[in-house]
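Enquirer: sequence-free structure coming up:
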DNA sequence: TGAATGATCACG
DNA sequence: GTGATCATTCAT
């Protein structure tokens, strides 16, 4: 069995990590069993350099884990009802993160359907093709904020995928009002687990 | 296109 | 305290 991606991997720029995470394996130990997925969509947030980042101007109670060690999760609550999951990048003290926006489950599919209370016929992509959808079905909430995913013992881990072959495209990030021109969203071309499948402004 | 729904932050 | 905003989702 491989080791999960090490802390040094997450010390890189969020832009580097966001693009490189496409195609890698995400494993999450849910209350009902382990689910393994392929990461198919991410976005980079560049902390002090990025007006759209939650850590652009200052360090607060809610964004503090983005200033901690690379490889910890940053989970935030938004719109009064949703959780979104990021992994902290860049070295300790320098805020930055990669948001998980879409994943394709490949093991533990029945577990996911059970958590969502859906039948085998349900279109699986509708459960994981959005940042708040995937946290909901994986039962990721604020209690995961600050979790270190570089440890073998962690309930969330990311593993390499040496066989990955696929075309990675990029586009502006979804749902932000600042820094809209930057193409800091990355996704696997043609994959149905990618959110906002129909988007005009992209390049590959 | 707009409602749901609540935490957070800037302001003064 | 008040109001605006929000890295979303779903129904209309």
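Expert: Noted; the coordinates are in hand. Quantities reported herein were computed from a predicted structural model and do not represent experimental measurements. Numbers count the residues shown, from 1 in each chain, chains lettered A, B, ... in the order given.
Enquirer: pretty sure residue A:106 belongs to a helix, no?
Expert: No: checked against DSSP: H, G, I helix; E, B strand; the rest coil, residue A:106 lies outside a helix; its state is strand.
Enquirer: need the helices for chain A, in chain order.
Expert: Applying DSSP state H to chain A gives helices spanning A:7-10, A:14-21, A:109-116, A:125-128, A:131-137.
Enquirer: Can you tell me which of the ones you listed is nearest to DNA strand C?
Expert: Relative to DNA strand C, the nearest member of the helices of chain A by CB to the nearest atom of the strand is helix A:131-137, separated by 3.3 Å. Heads up, the C-betas are built off the backbone N, CA and C, glycines and all.
Enquirer: any bit of that closest one sitting next to DNA strand C?
Expert: Yes: shown here: helix A:131-137 in contact with DNA strand C (CB under 7 Å from any atom of the strand) through A:131-133.
Enquirer: coming back round to it: wait, which of the helices of chain A is closest to DNA strand B?
Expert: Per CB to the nearest atom of the strand, nearest to DNA strand B of those: helix A:131-137, 9.9 Å.
Enquirer: For that closest one, which helices and strands make contact with it?
Expert: Counting contacts by 3 or more CB pairs under 8 Å, 6 or more residues apart in numbering; DSSP states H and E, helix A:131-137 is packed against strand A:82-88, strand A:97-107, helix A:109-116, helix A:125-128.
Enquirer: got CSV for these, with mean neighbour count too?
Expert: Shown next, in CSV, are these (neighbours: other CB atoms under 10 Å):
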stretch, mean neighbour count
strand A:82-88, 24
strand A:97-107, 24
helix A:109-116, 17
helix A:125-128, 21
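Enquirer: Switch these over to CSV; also include mean pLDDT and distance to residue A:61.
Expert: Listed next are the helices and strands packed on helix A:131-137 as CSV, based on pLDDT from 0 to 100; distance: least, CB to CB, whole Å:
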stretch, mean pLDDT, distance to residue A:61
strand A:82-88, 98, 16
strand A:97-107, 98, 16
helix A:109-116, 97, 30
helix A:125-128, 98, 29
